[in-house]
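Chemist: Dropping the sequence and predicted coords here.
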Amino acid sequence: LLSLSCIFQMDITQESYLDLFPLDTIVYLTPDSENVLEDIDPNKVYVLGGLVDESIHKKLTLRRAQEQSLQTARLPIREYMVKTVNTKNYHSETLAINQVFDVLSTYYETQSWAAALKAGVSSGKGYVLPNAVK
């Protein structure tokens, strides 16, 4: 479990987040959510799910959250970034857990989604900030 109010302080437990927090405070972050994360609410608990291979398990994290009756949200990549031309024609909003953490912690510090997404979304994902397009 991670508290952004105390950056890099972590409590490790075998208990499930479902047993530790009220369901209405949990927000499961998944790139498949229709809900855009507009701000970080210090009264919410954000779950960062992770998969080894995104191509095999499409929408798995969204389904898991829905099965647990949890709120979901996605990072505002589409709202702040643009697709860039690349040789592989590859565009993905699925990030590694460390990238999502970098985005969230940078946003928490700066209150700027542009700065946060620049910090956490590598150009290899096929997205860049509009001012980076040449």
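Modeler: Perfect, I can see it now. Residues are numbered from 1 along each chain as shown.
Chemist: so how far is whichever strand or helix holds Thr61 from its chain's centroid?
Modeler: Thr61 belongs to helix 60-67 when assigned by DSSP states H and E. Averaged C-alpha coordinates place helix 60-67 at 14 Å from its chain's average position (Cα atoms, centre = their mean, to the nearest Å).
Chemist: Can you list the buried residues in it?
Modeler: Thr61, Leu62, Arg64, Ala65 (16 or more other Cβ atoms under 10 Å). Bear in mind the C-beta positions are built from the backbone N, C-alpha and C, glycine included.
Chemist: Pull out the buried residues from the longest helix along the chain.
Modeler: Using DSSP state H to define each element, the chain has its longest helix at helix 97-110. Of all the residues in helix 97-110, those buried under the rule 16+ other Cβ under 10 Å are Gln99, Val100, Phe101, Asp102, Val103, Leu104, Ser105, Thr106, Tyr107.
Chemist: Just put these in JSON lines and tack on distance to Asp39 and pLDDT.
Modeler: What follows is the buried residues of helix 97-110, written out as JSON lines (distance: Cβ to Cβ, whole Å; pLDDT from 0 to 100):
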{"residue": "Gln99", "distance to Asp39": "19", "pLDDT": "90"}
{"residue": "Val100", "distance to Asp39": "16", "pLDDT": "92"}
{"residue": "Phe101", "distance to Asp39": "17", "pLDDT": "90"}
{"residue": "Asp102", "distance to Asp39": "17", "pLDDT": "92"}
{"residue": "Val103", "distance to Asp39": "13", "pLDDT": "95"}
{"residue": "Leu104", "distance to Asp39": "11", "pLDDT": "94"}
{"residue": "Ser105", "distance to Asp39": "14", "pLDDT": "91"}
{"residue": "Thr106", "distance to Asp39": "14", "pLDDT": "94"}
{"residue": "Tyr107", "distance to Asp39": "8", "pLDDT": "95"}
